[in-house]
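Engineer: Starting from these lines, generate the structure:
(chains A and B)
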Protein chains: 2
Amino acid sequence: MKKYLYPDRSQWNTLLERPVMQQGQVESLVRPVMEAVKAEGDEALFRYTKQFDGVQLDTLEVSEEELKEAEELVSDKLKQAIEIAKQNIYKFHAAQQGSVEVIETMPGVRCWRKSIGIEKVGLYIPGGTAPLFSTVLMLGVPAHIAGCKELVLCTPPNKEGKVHPAILYAAKIAGIKRIFKVGGAQAIAAMTFGTESVPNVYKLFGPGNQYVTAAKQLATREGVAIDMPAGPSEVLVWADNTADPAFVASDLLSQAEHGVDSQVILVSTSETFVTEVENALAVQLAELPRKSIAEEALKNSRSIVLRSESEALELVNAYAAEHLIIALENASEMAERIWNAGSVFIGNYTPESAGDYASGTNHTLPTYGYARSYSGVSLDSFVRKVTFQQIDESGLELLGPSIEEMAEAEELYAHKNAVSIRLAKLRK
Amino acid sequence: MKKYLYPDRSQWNTLLERPVMQQGQVESLVRPVMEAVKAEGDEALFRYTKQFDGVQLDTLEVSEEELKEAEELVSDKLKQAIEIAKQNIYKFHAAQQGSVEVIETMPGVRCWRKSIGIEKVGLYIPGGTAPLFSTVLMLGVPAHIAGCKELVLCTPPNKEGKVHPAILYAAKIAGIKRIFKVGGAQAIAAMTFGTESVPNVYKLFGPGNQYVTAAKQLATREGVAIDMPAGPSEVLVWADNTADPAFVASDLLSQAEHGVDSQVILVSTSETFVTEVENALAVQLAELPRKSIAEEALKNSRSIVLRSESEALELVNAYAAEHLIIALENASEMAERIWNAGSVFIGNYTPESAGDYASGTNHTLPTYGYARSYSGVSLDSFVRKVTFQQIDESGLELLGPSIEEMAEAEELYAHKNAVSIRLAKLRK
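Structural biologist: Have a look, this model is predicted:
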């Protein structure tokens, strides 16, 4: 971690820069994969799975037996943990359901909104080093609450053609019925276009490597929506002398172990506190299994010492962190003054990993500064809010002349006539 | 309008096809504009405005005097109509503000969501044949309710270097302070990168021609969010014998006059009713100032006669119309069974133009089938919903072991340690 003492405001932009993402090149690799899956369907999926995952599959869909087998392989302790996480995620997301409220904007003019689940959604769960079954819960549970009719999950198989049992178990718990052993850009292509085995969907969710990310971007050009643009994960910890340096170090490392492109930032008004965190970091890093990844990520990372709380608040909002931990004496008060962040963790006993797994909030969050304009995944992500209106005769008598006036000023006479013709009948 | 009698289900996909949009070619024309504005700032804006709008401007920002002048040019009658529309839009969108509800997912684990306005938003209002001041209200009013701090509006000047007074007046009414005389792709570029005059923004809203649409797509690659993907406007009217054929014809025409690529579809189970609408269409079309546009649009358009209500319901949902008018005897009942639409208009006295202008609902809606996965613009479009959580010691004691179990199963030991190190301190 590089330390910056009392940097001048003119330096902030440079200080808060994210690691650069390479997009263009990856897109040119992914485009032929998309086209092949569109043209050849399952055949292309089998071929790419052999090429990229090193396994020749007979069928793409996970079978009933595989699901049963998985259930036996997951320990009772992990099942319990998954159940608790699911309950909390369910509670938090179910509370996001709004009721339909009819607004009578004028007498006889009634307008309302109704949340309707997206009919077909696709969830992508990466394979690779860590089996991200927690993401299965984070996406599957709200999709279920939203009333999405068809939930499709794609995840790459390992060299034995299997999916990690915890992923299958979490999918079962989340009520996901259709699981396919397809990964990478070919999985995104399959859910975009549909194949003989894999249904097409209207919206794609889930994390992935640069190929998956590029494929999701290309999918948007085919009319498929995506959860949000992706970028490397990040945390900003804003702490003072009342925080525990070892806690803060553990939070920084839990972000740093995600990947070599992760970014972690420590902000404080106390130079001595930053030094204590640095010491704690060294101790904890030495014992970490994913030490080499975390070390690499820490090279992108910064500790920044500022003169005042108000300056720190401004810098924190300028960065717009995906995860923001506030470990200050007046943490709650400062949390009220945050306007740019994905998710905020308040106080010394609220580690990021609580939100990553089990507190109930969603862990699919806007990173890379996208928190300035995007929200994290929530129940909203799985519904459309459709507006309805019903105007009765008296309502149109009242509102109609304004519509006529405006339509005429916009020179849209057929718009005007749709009102005039009705008013004429009423006045007959 | 082409008529299809009792088409077989296998024909539906072809029947419900949208006009094809050409994207690739336009993008290659727009890219250099984006790059020039990024590199040269205002200088490029002046140059393109001369080239595309045929006027050499001295300054880009609309002045106080121009605003005052505009106010004098707008008739009192139009001012009143705009005021009524604004009030209704305000009422409907203000009712979308949720209160913060703290959910205690487990004892000691408190999670909540807070809506925070996007700091800087940009509104694009096209010039051209009709001055779309109604869109200024539809975007400006919710942006204001959301608490967006900086609202920027760009719209092209006419050959005299002026903006239509109704646009300026609506902007004033909506509380938009900064208005720039820049149109087309260069306006989108200006709000994406920022120039000496035009501030950069985090999210872009508003309709536009194919160049504006392509520029908005390119802006997303620069990290700027957009309201939704664009496509030609469309209406589907589902009507039976209880509807008035002249009303239905007027609704079809008010969509058809938008542009030659507009699509209008009539669905009914009554062949005689469809014939009556066709006759009414011919009469009304003859008197329309924008007759040639509407005629062209009607060539893309279809009337479809189906055997049963349930078949019609299915087709209507399959099409996922931007605007759906239901003029059936049991319109309210059928409206309950809609799952794919942008906005639904119920009954004989609810013309689409009510929602286009003044009833209160938003007229920026997902078209081209995007209603399957996107919502129209609402208050939600102008906020981020940031999650917060605060866990106390007892909460972490309760939840911590589940987090540790799941983190270990995902092989993320630093995530686990962030909990373990805290639990260890509590147990000392």
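Engineer: Confirm for me that A:Val235 is in contact with A:Leu266.
Structural biologist: No - using CB atoms under 8 Å, A:Val235 is not in contact with A:Leu266, being 9.3 Å away. From N, CA and C alone the C-beta is placed, and that goes for glycine too.
Engineer: Which pLDDT does the model give A:Val163?
Structural biologist: A:Val163 carries a pLDDT score of 95 in this model.
Engineer: Quick one: residues contacting A:Ala130.
Structural biologist: B:Glu410, B:Glu411, B:Leu412 (CB atoms under 8 Å, 6 or more residues apart in numbering or on different chains).
Engineer: distance of the residue nearest the centre of chain A from chain B?
Structural biologist: Geometric centre of chain A, nearest residue: A:Thr364, 2.8 Å, by CA atoms, centre = their mean. Distance from A:Thr364 to chain B, counting by CB to the nearest CB, to the nearest Å: 11 Å.
Engineer: show me the contacts for that residue.
Structural biologist: A:Thr135, A:Met138, A:Leu139, A:Phe205, A:Gly206, A:Pro207, A:Asp227, A:Met228, A:Gly376, A:Val377.
Engineer: show me what contacts A:Asn279?
Structural biologist: Here A:Asn279 is in contact with A:Pro245 (criterion: CB under 8 Å, 6+ apart).
Engineer: go on, the one 3 residues further on?
Structural biologist: By CB under 8 Å, 6+ apart, the contact set of A:Ala282 is empty.
Engineer: Quick check on it: phi, psi?
Structural biologist: With angles defined as degrees, to the nearest 10, A:Ala282 sits at phi -60, psi -40.
Engineer: Distance check, A:Ala312 against chain B.
Structural biologist: A:Ala312 is 18 Å from chain B, by CB to the nearest CB.
Engineer: Name the nearest residue to the residue nearest to the centre of chain A, sequence neighbours excluded.
Structural biologist: With CB to CB, 6 or more residues apart in numbering or on different chains as the criterion, A:Thr364 has its nearest non-adjacent residue at 3.8 Å, and that residue is A:Val377.
Engineer: now the one you found: how far from B:Gly117?
Structural biologist: Distance, A:Val377 to B:Gly117, by CB to CB, to the nearest Å: 20 Å.
Engineer: Compare the two (neighbour count), which wins?
Structural biologist: Set side by side, A:Val377 and B:Gly117 show more neighbours around A:Val377, with 24 against 19, by other CB atoms under 10 Å in any protein chain shown.
Engineer: my guess is the more buried one is in a helix, correct?
Structural biologist: No - A:Val377 is assigned coil when assessed by DSSP: H, G, I helix; E, B strand; the rest coil, not a helix.
Engineer: returning to that earlier point: and the contacts of A:Thr364 as JSON lines, adding pLDDT and secondary structure?
Structural biologist: Compiled in JSON lines, the contacts of A:Thr364 are given as follows (pLDDT from 0 to 100; DSSP: H, G, I helix; E, B strand; the rest coil):
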{"residue": "A:Thr135", "pLDDT": "97", "secondary structure": "helix"}
{"residue": "A:Met138", "pLDDT": "98", "secondary structure": "helix"}
{"residue": "A:Leu139", "pLDDT": "98", "secondary structure": "helix"}
{"residue": "A:Phe205", "pLDDT": "98", "secondary structure": "strand"}
{"residue": "A:Gly206", "pLDDT": "96", "secondary structure": "coil"}
{"residue": "A:Pro207", "pLDDT": "92", "secondary structure": "coil"}
{"residue": "A:Asp227", "pLDDT": "97", "secondary structure": "coil"}
{"residue": "A:Met228", "pLDDT": "94", "secondary structure": "coil"}
{"residue": "A:Gly376", "pLDDT": "98", "secondary structure": "coil"}
{"residue": "A:Val377", "pLDDT": "98", "secondary structure": "coil"}
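Engineer: and the stretch 1-150 of chain A, which of its residues are near chain B?
Structural biologist: A:23, A:77-78, A:80-82, A:84-85, A:87-88, A:91-92, A:95-96, A:98, A:101, A:103, A:105-106, A:109, A:111, A:113, A:116-119, A:129-134 (CB under 8 Å from any CB of the partner chain).
Engineer: same thing but at 7 Å, please
Structural biologist: Within reach of chain B by CB under 7 Å from any CB of the partner chain, the stretch 1-150 of chain A has these residues: A:77-78, A:81-82, A:84-85, A:88, A:91-92, A:95, A:101, A:103, A:105-106, A:109, A:111, A:116, A:118-119, A:129-132, A:134.
Engineer: which of the residues you listed count as buried?
Structural biologist: Buried members of the residues of the stretch 1-150 of chain A next to chain B, scored by 16 or more other CB atoms under 10 Å in any protein chain shown, are A:78, A:81-82, A:84-85, A:88, A:91-92, A:95, A:103, A:105-106, A:109, A:111, A:116, A:118-119, A:130-132, A:134.
Engineer: Narrow the residues you listed to those in strands?
Structural biologist: The strands, defined by DSSP state E, take in A:Ile103, A:Thr105, A:Met106, A:Val109, A:Cys111, A:Ile116 from these.
Engineer: Mind putting those into CSV with pLDDT?
Structural biologist: Listed next are those as CSV, based on pLDDT from 0 to 100:
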residue, pLDDT
A:Ile103, 98
A:Thr105, 98
A:Met106, 97
A:Val109, 98
A:Cys111, 98
A:Ile116, 98
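Engineer: ok, and the closest non-adjacent residue to A:Tyr90?
Structural biologist: A:Val141 (5.5 Å).
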